[in-house]
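> Using only what follows, build the 3D model:
(chains A and B)
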Amino acid sequence: MNRKRIIDIIIILVLACAPLFLNTYWVDVLNNIGIYAILALSLNFILGHTGLFHMGHAAFYAIGAYTTAILNTMYHIPIIWLMPLSGVLAGIFGYLVARPIIHLRGDYLLIVTIGIVEIVRIALVNNIFGITGGSNGIFGISRPKLWGFVIRRPQDFFYYIWIFLGISVYLFYRLENSRFGRALNYIKEDDLAAEGSGVDSSGYKLKAFIIGAIWAGFVGNIYASKMTIISPESFSFWESVILFVIVILGGSGSMRGIILGSFLIIGLPELFRQFASARMLIFGAAMVVMMIFRPQGIIPPKPRTYNLDFLKLGEAEK
Amino acid sequence: MSLLELRNLTKTFGGLMAVNEVSFSVDKGAVVGLIGPNGAGKTTVFNLITGNYKPDSGEIIFEGENIVGLPTHKIVNLGIARTFQTIRLFQNLSVLENVLAGCHCRMKAGMLACMFRPKWQKEEEKEALKKAWAELEFVGLSKELTNKAKNLSYGNQRLLEIARALATSPKLIILDEPAGGMNEQETQELVELIGEIKKRGITVLLIEHDMSLVMRICEHIVVLEHGAKIAEGTPEEVKNNPLVIEAYLGVDED
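I've put the predicted structure just below:
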């Protein structure tokens, strides 16, 4: 067992016990960190792995949250059942909006995605189809219920969110370390060469958007049931910027970096709350310094490793 | 039998006639050279074949099928692989992963299979690694496996591009100036490598400036000038064609 793994296990154990000796306020901070971490990990497929400048991730998150909120308050469908549906609808929405813009490069894509998140927010504020509740949002969303146990207290949500994060990390790790993840990285490195090597670059860019949107939809479901009240303010452009910063600052393509980034971006401002407005200034300055001295992020991604032992067996004869 | 056939291919960029009514065919198993002075439209022809550009008119027939209008990755899938004149590797990825890119189009695992890893996905991944390793051995880069592509020497980067193209299991490989930037010894090794590729039954179409190399390895040569074909034939015929001597080999007046 290497050192990194031991550190991972210690961190997981400390986190698992955290609710036992933290007060409700700090548990809730950890919950927020978890939510942002999963969102940033889903954005990582688009921004980190594929290198697409997407600054409208909150739009997908909003679709998931509103799907859950509307169907739960109107038809009383249990929250847990709505999770897959929220993901699917966010995924479809992701596909529909990404499809026409997928060929755009860099800064152009960035501008369009900013437009998307604003359109979604304004549509929600304007009570589109009369079902989003306008700027007041939707309240009275019920709590998730797992095997008869209602998840209600922040401590319950802590385990709910962080276990979901653990499952996401596990699945994402597998995605990253396979044909799918490699294809995204080829596109990031050189999409013409990727296409010339037989990778369907626009197809994979779309898939990156879809998987990112699906997961953001899942998180929207969790968020809606955690808050029980949602409003368009929670899905503003600023949220998208924060997610973008977490991925870039933590380390594009690096899950460890992104989780650490979530702690820093979401957690640190809470620690320095007494400094009031000065904290954002210090925070901004810290980010500038980071980008100058460590542009690849706090923990850059490590190269994939492959087990080639099965080849070496044949080698021995030579 | 011809594997690839170009029929009256024309491409203009604005007012510039880059490729003008070019027709030629590449026989199965042959090594064919495409030569011509700078700006003759050779690379444009390659970009037309691989689907990077769309011709204004004309047909490209590969194994009896018109491939004009197909996206590049589909053309690769049909069996045409290429290397680039200006090396286009995935610089920050390992040598092995660069070659795995070529294996990509022969694999099937989608998002769900990659997440949940059924047995066939694991087998497929293993097969891809085997294939990538074999191609690296073939070009002589298997020792560089974990090195980043950008850390390779120029000559080795060219070889890596060839390995990546071979990993797509092509029927036709298109090499755009494979000896560019190579020294004498590397060029000699490249000549041998191209011979080996031919032995595997893969047809080779190449652009090259090194005339001695072209004359040595190509059975058939097509000469372009100002976007139009001016001559075609065996190295011997082309060498003695007055048009070619004038246009390409040049009458040295200085």
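
> Contacts only, for residue 117.
Since no chain was named, I'll use chain A. By CB atoms under 8 Å, 6 or more residues apart in numbering or on different chains, the contact set of A:Val117 is A:Met55, A:Gly56, A:His57, A:Ala58, A:Ala59, A:Phe235, A:Ser236, A:Phe237, A:Ser240. (Each C-beta comes from the backbone N, C-alpha and C, glycine too.)

> wrong one, I was asking about chain B
Contacts of B:Arg117 by CB under 8 Å, 6+ apart are A:Arg174, A:Ser178.

> ok, now the one 10 residues further on?
By CB under 8 Å, 6+ apart, the contact list for B:Glu127 is empty.

> follow-up on the earlier one: would you turn the contacts of A:Val117 into TSV with distance to A:Ile38?
Formatted as TSV, the contacts of A:Val117 follow (distance: CB to CB, whole Å):
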residue	distance to A:Ile38
A:Met55	18
A:Gly56	17
A:His57	11
A:Ala58	13
A:Ala59	16
A:Phe235	15
A:Ser236	19
A:Phe237	20
A:Ser240	15
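
> could you redo those residues as TSV and give each row pLDDT, neighbour count and secondary structure?
Converted to TSV, these look like this (pLDDT from 0 to 100; neighbours: other CB atoms under 10 Å in any protein chain shown; DSSP: H, G, I helix; E, B strand; the rest coil):
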residue	pLDDT	neighbour count	secondary structure
A:Met55	92	22	coil
A:Gly56	91	30	coil
A:His57	94	31	helix
A:Ala58	94	28	helix
A:Ala59	95	29	helix
A:Phe235	91	27	helix
A:Ser236	88	16	coil
A:Phe237	89	18	helix
A:Ser240	92	26	helix
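
> Let me know the pLDDT of A:Ser279.
You called it Ser, but residue A:279 is Arg. According to the predicted model, the pLDDT of A:Arg279 comes to 69.

> Could you do A:Ile298 as well?
86.

> My read is that it contacts A:Ser252, right?
No - taking contacts as CB atoms under 8 Å, A:Ile298 lies outside contact range of A:Ser252: 11.0 Å.

> from the contacts of A:Val117, which single one is nearest chain B?
Comparing the contacts of A:Val117 against chain B with CB to the nearest CB places A:His57 closest, at 18.5 Å.

> Now the stretch 1-150 of chain B against chain A: closest residue?
B:Cys105 (2.9 Å).

> Name the nearest residue to that residue, ignoring sequence neighbours.
Leaving aside its chain neighbours, B:Cys105 sits nearest to A:Gly198 (2.9 Å; criterion: CB to CB, 6 or more residues apart in numbering or on different chains).

> now do B:Ser94
Among residues not flanking B:Ser94 along the chain, B:Thr146 sits closest, at 5.3 Å (CB to CB, 6+ apart).

> Including distance to chain B, could the contacts of A:Val117 go into JSON lines?
Below are these laid out as JSON lines (distance: CB to the nearest CB, whole Å):
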{"residue": "A:Met55", "distance to chain B": "24"}
{"residue": "A:Gly56", "distance to chain B": "22"}
{"residue": "A:His57", "distance to chain B": "19"}
{"residue": "A:Ala58", "distance to chain B": "23"}
{"residue": "A:Ala59", "distance to chain B": "21"}
{"residue": "A:Phe235", "distance to chain B": "25"}
{"residue": "A:Ser236", "distance to chain B": "30"}
{"residue": "A:Phe237", "distance to chain B": "29"}
{"residue": "A:Ser240", "distance to chain B": "24"}
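
> Please enumerate the strands of the stretch 201-318 of chain A.
Assigned by DSSP state E, counting those that start in this stretch, the strands in the stretch 201-318 of chain A fall at A:229-230.

> Smallest gap between it and chain B, at which residue?
A:Leu311 (5.3 Å).

> any idea what sits nearest that residue, other than its immediate chain neighbours?
Using CB to CB, 6+ apart, the closest residue to A:Leu311 is B:Trp133 (5.3 Å).

> picking up where we left off before, residues contacting the residue of the stretch 201-318 of chain A closest to chain B?
A:Leu311 neighbours (CB under 8 Å, 6+ apart): B:Leu129, B:Lys130, B:Trp133.

> which among these end up buried?
Among those, those classed as buried by 16 or more other CB atoms under 10 Å in any protein chain shown are B:Leu129, B:Trp133.

> Closest one to A:Asn127 out of the contacts of A:Leu311, please.
Using CB to CB, B:Leu129 is the member of these that sits closest to A:Asn127, with 54.6 Å.

> That closest one contacts B:Leu100, doesn't it?
Yes - counting by CB under 8 Å, B:Leu129 touches B:Leu100, with 7.4 Å between them.

> bridging residues for the residue positioned nearest the centre of chain B?
Most central in chain B under CA atoms, centre = their mean is B:Ile174, positioned 1.7 Å from the mean C-alpha point. When bridges are called by DSSP bridges, B:Ile174 pairs up with B:Arg82, B:Leu205.

> Surely it touches B:Leu48?
No - judged on CB under 8 Å, B:Ile174 makes no contact with B:Leu48 at a distance of 11.0 Å.

> if you look at stretch B:176-196, does any of it touch chain A?
No - against chain A, stretch B:176-196 shows no contacts by CB under 8 Å from any CB of the partner chain, the least distance being 10.7 Å.

> I'd like the distance from that stretch to the chain centre, please.
Put simply, stretch B:176-196 sits 13 Å off its chain's centre (CA atoms, centre = their mean, to the nearest Å).
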